[in-house]
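Asker: Below are the sequence and a predicted model for it; my questions follow.
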Amino acid sequence: MTAFISPNDLQHHRFGITASRKAIGNAVERNRSKRLLREAFRQSGGTVDDIKVKYDWVLNARRSLLKVKAIAALEEFQRILTRVRNDERNDQA
């Protein structure tokens, strides 16, 4: 997945998903990839809430997402969250 993250001035995070026909293929595959990304975001809710700055998140699904189990999408999203938290800590220091 590719993540685009931008700070917002709201009191909460906003989340969006893209899964293009060109990148993913038919509607069934696009819907499955979006479900996997939504589930990864949902399962990471506590970790996302720990981030002090609120962000707009846009996740772009890739075809390779369809070849892995749901846990792999969650692990990749967790790595993205870790990078965001580390960047936030470095900016505060």
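Answerer: Cool, the structure landed.
Asker: contacting residues for the residue most central in space within the chain?
Answerer: The residue lying closest to the centre of the chain (Cα atoms, centre = their mean) is L59, at 4.8 Å. Applying Cβ atoms under 8 Å, 6 or more residues apart in numbering to L59 gives the contacts M1, T2, A3, F4, F15, G16, I17, T18, L37, F41, F77. In this view, the C-beta of every residue, glycine as well, is placed from N, C-alpha and C.
Asker: which helices and strands does the helix or strand hosting the fourth one pack with?
Answerer: Taking DSSP states H and E as the criterion, the element that holds F4 is strand 2-7. In this structure, strand 2-7 makes packing contacts with strand 55-60, helix 70-92, judged by 3 or more Cβ pairs under 8 Å, 6 or more residues apart in numbering; DSSP states H and E.
Asker: Pick the most deeply packed of these.
Answerer: Mean neighbour counts were taken over the helices and strands packed on strand 2-7 using mean count of other Cβ atoms under 10 Å, and the top value, a mean of 19, falls to strand 55-60.
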